[in-house]
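Peer 1: Take a look and give me a structure for this.
(2 chains)
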Amino acid sequence: MALKQIKNKIISTKKTGKVTKAMESVSAVKMRKSQERAFASRPYVLGAVTILERLTASLGSITHPLTTARPDGAVLAIIVTSDKGLAGSVNSAVLKKAEHLFKEHATVDVVAFGRKAVEFSRREKKQLIAEFVNVNDGVTLADVEASAAMVINAFTEGGYSKVVVIYQNFVSTFEQAPTVRQVLPLIAGEISQIAKDIAPRVGKYSTATVAEVKAREYTIEPSGAEVLDILLPQLVQVILYHALLESKASEHSARMVAMKNATDKSKEVVKALTIKFNKQRQAAITAEVSEITAGVEAMK
Amino acid sequence: MKTFQLTITRVDGPLFVGEALSVQVPGISGDMTILAHHTALISPLRTGAVKVTEADGSTREFTVATGTLEVSDNQATILL
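Peer 2: As a prediction, this is how the structure comes out:
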């Protein structure tokens, strides 16, 4: 490679390094915010899940359209990814889970959150029931109200056998776990599993323990059926909201780590290229000097 | 007077955590006041105000659009 080319390569690598460094800092800030939000919502989600768990225990067997299992039918998959890439394997891990689901079930329709999920479903030629892109980092419970209502409606009217949500569960900055959760029909076992997953294994929120559920007699005002009518849709909202927050936190964490790796790598490449550049420059000088001395010798 | 543990929390964080003498809530089938050692109860809430009387007698008020109240073991949880 010519000297000039190496020099240009060094310059462009340095520039890329600067960009990734900037992206790293931006992601670090976003990560902190979205992690805080994800953690702040955990007590609420836990509370909501616990209430339903106790309600289930108290009512014995509950019969409600949203808890009744259907033997056959299509599956509705809610796939939660990010809008943008350059975030390591967060999205591809989720999409791999989705692919797995597509193989298991004959018909799978998709509700996509995030551009990557939309593109993926189009590529796989799956029917997109709804798509939500550019979901704000500061997503609120009110924002998911409409999408939750749509999902519930699709389940009750659309004849789906089940609704699952696929998202990245945030474990720590360096670890995210792609997770598949059944949203509908709501099963007690699945609900308590969600409650268990909510409490992080490490960190300052890991002390939140999940209280054992005791089957007790609750007074239910006004009646079991009416309470379920109100509580179950709320719980679906909460589960969706939780999935969105967790995947946001995962996305920013993964992007920060990916960008940090890229910055480190660019520094390494610059170092290697500089050594190569210096060696070649030295070789060129040596060649020139020997040419001149050879010329001088010849003139004698 | 006896107190009970009260937690009022929203999705974006807890609003009130502590001991309370009583809490008045707009239950879906009528307003009610929860005192210490209330029987185990689950009820959705409708739009209105939640009035908390804290252990030192001072009162605080929160507005609620929708929510759920759960009482058991001398603990009350209100999710807004």
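
Peer 1: confidence score at residue A:60?
Peer 2: pLDDT recorded at residue A:60 is 62.

Peer 1: ugh, wrong one, I meant residue A:230
Peer 2: 82.

Peer 1: ok, it touching residue B:45?
Peer 2: No - using Cβ atoms under 8 Å, residue A:230 is not in contact with residue B:45, being 9.3 Å away. The way it works is simple: take the backbone N, C-alpha and C, and place the C-beta from them, glycine included.

Peer 1: any common contacting residues for these two?
Peer 2: The contact sets of residue A:230 and residue B:45 overlap at B:28, B:66, B:68 (Cβ atoms under 8 Å, 6 or more residues apart in numbering or on different chains).

Peer 1: Quickly list what the residue lying closest to residue A:219 once chain neighbours are set aside is bridged to.
Peer 2: Spatial nearest neighbour of residue A:219, excluding adjacent residues (Cβ to Cβ, 6 or more residues apart in numbering or on different chains): residue B:41 at 4.6 Å. In this structure, residue B:41 bridges to residue A:219, residue B:71 when assessed by DSSP bridges.

Peer 1: residues touching residue B:41, list them.
Peer 2: A:218, A:219, A:220, A:221, B:34, B:69, B:70, B:71, B:72.

Peer 1: Ranking by neighbours, what's the top pick from those residues?
Peer 2: residue B:69 (25 neighbours; other Cβ atoms under 10 Å in any protein chain shown).

Peer 1: Can you name the helix or strand that it falls in?
Peer 2: strand B:67-72 (DSSP states H and E).

Peer 1: Could you save the contacts of residue B:41 as CSV and add columns showing pLDDT and distance to residue A:280?
Peer 2: CSV is the format used below for those (pLDDT from 0 to 100; distance: Cβ to Cβ, whole Å):
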residue, pLDDT, distance to residue A:280
A:218, 77, 80
A:219, 79, 85
A:220, 77, 81
A:221, 74, 83
B:34, 90, 81
B:69, 89, 76
B:70, 87, 74
B:71, 88, 79
B:72, 83, 77
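
Peer 1: Next, give me the two most distant ones among these.
Peer 2: A:220 and B:34 (14.9 Å; Cβ to Cβ).

Peer 1: Residue B:50 looks like it's in a strand, true?
Peer 2: Yes - judged by DSSP: H, G, I helix; E, B strand; the rest coil, residue B:50 forms part of a strand.

Peer 1: How about it: which residues does it bridge to?
Peer 2: Applying DSSP bridges, one finds that residue B:50 bridges with residue B:62.

Peer 1: Now do the same contact list for it.
Peer 2: B:8, B:23, B:24, B:25, B:26, B:61, B:62, B:63, B:64, B:78.

Peer 1: quick one: contacts for the nearest residue to the fifth one once chain neighbours are set aside?
Peer 2: Excluding its sequence neighbours, the residue lying closest to residue B:26 (Cβ to Cβ, 6+ apart) is residue B:48, at 3.0 Å. Residue B:48 makes contact with B:25, B:26, B:31, B:63, B:64, according to Cβ under 8 Å, 6+ apart.

Peer 1: Give me every residue in the stretch 1-150 of chain A that's in contact range of chain B.
Peer 2: Residues of the stretch 1-150 of chain A found near chain B, taking Cβ under 8 Å from any Cβ of the partner chain as the criterion, are A:37, A:40-41, A:43-44, A:47-48, A:50-51, A:54-55, A:58, A:140-141.

Peer 1: and with 10 Å instead?
Peer 2: For the stretch 1-150 of chain A, the contact set with chain B under Cβ under 10 Å from any Cβ of the partner chain comprises A:36-37, A:39-48, A:50-52, A:54-55, A:58-59, A:138-142.

Peer 1: From the geometric centre of chain B, which residue sits farthest away?
Peer 2: Within chain B, the residue lying farthest from the chain centre (Cα atoms, centre = their mean) is residue B:12, at 17.7 Å.

Peer 1: rewinding a little: give me the buried subset of the shared contacts of residue A:230 and residue B:45.
Peer 2: B:28, B:68 (16 or more other Cβ atoms under 10 Å in any protein chain shown).

Peer 1: could I get the shared contacts of residue A:230 and residue B:45 as TSV with pLDDT?
Peer 2: What follows is the shared contacts of residue A:230 and residue B:45, written out as TSV (pLDDT from 0 to 100):
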residue	pLDDT
B:28	85
B:66	83
B:68	87
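
Peer 1: Just give me how far stretch B:37-48 sits from the chain centre.
Peer 2: 8 Å (Cα atoms, centre = their mean, to the nearest Å).

Peer 1: Averaging pLDDT per element, find the lowest-scoring helix or strand in chain A.
Peer 2: helix A:188-198 (a mean of 70; mean pLDDT, DSSP states H and E).

Peer 1: Next up, the contacts around residue B:42.
Peer 2: A:51-52, A:54-55, A:58-59, A:218-221, A:224, A:227, A:231, B:68-72, B:77 (Cβ atoms under 10 Å, 6 or more residues apart in numbering or on different chains).

Peer 1: and with 6 Å instead?
Peer 2: By Cβ atoms under 6 Å, 6 or more residues apart in numbering or on different chains, residue B:42 lies in contact with A:55, A:218, A:220, B:70.

Peer 1: For these, name the two members farthest from one another.
Peer 2: A:220 and B:70 (10.3 Å).

Peer 1: before we move on, the earlier item: relative to residue A:7, which of the contacts of residue B:42 is nearest.
Peer 2: Nearest member of those to residue A:7, counting by Cβ to Cβ, is residue B:70, at 68.9 Å.

Peer 1: That closest one touches residue A:51, doesn't it?
Peer 2: Yes - the criterion here is Cβ atoms under 6 Å, and residue B:70 meets it with residue A:51 at 4.8 Å.
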